[in-house]
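*Asks:* Turn this into a model:
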Amino acid sequence: MLGVAVQEDVDVVGISSSSGGHMPAIEEVRALLDASGMGQALLLVGGVIPEDDLPRIESLGVRRVFGPGASGADVVACIESEMDRRES
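*Replies:* A predicted model of the protein is given here:
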């Protein structure tokens, strides 16, 4: 999936996890984005994420973590806000 993101030069990558395997997934995606020259892509995470993991997740460049109950509108607003900020 990330290969397609690199090929299409996407601006946003989202990771969803409810199984507890989020840290290895985030670390792998971050490493692959950086290695592909896409380190600037907006990285978002959603799912059941323990608060204890948030500092490490933030250190990996995740812009925002959406927990259970976050709406699609919340995600869209975050993306729009970040894209506006980057363009200014």
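
*Asks:* can you pull out the helices in the protein?
*Replies:* All helices of the chain, identified by DSSP state H, fall at 2-7, 22-35, 54-59, 72-87.

*Asks:* can I get the ones you listed in TSV with mean pLDDT, mean neighbour count and distance to Leu44?
*Replies:* C-beta here means a position set from N, CA and C on the backbone, and glycine is covered the same way. Putting the helices of the chain into TSV (pLDDT from 0 to 100; neighbours: other CB atoms under 10 Å; distance: least, CB to CB, whole Å) gives the following:
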stretch	mean pLDDT	mean neighbour count	distance to Leu44
helix 2-7	81	12	13
helix 22-35	94	16	10
helix 54-59	97	13	11
helix 72-87	94	12	7
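
*Asks:* nearest to Leu42, of these?
*Replies:* helix 72-87 (5.3 Å; CB to CB).

*Asks:* Can you tell me how far Arg30 is from Met23?
*Replies:* Arg30 sits 11 Å away from Met23, going by CB to CB, to the nearest Å.

*Asks:* again with Glu80
*Replies:* Distance from Glu80 to Met23, by CB to CB: 28 Å.

*Asks:* now swap in Glu82 and tell me
*Replies:* Using CB to CB, we find Glu82 at a distance of 23 Å from Met23.

*Asks:* same check, this time on Gly72
*Replies:* Counting by CB to CB, the gap from Gly72 to Met23 is 25 Å.
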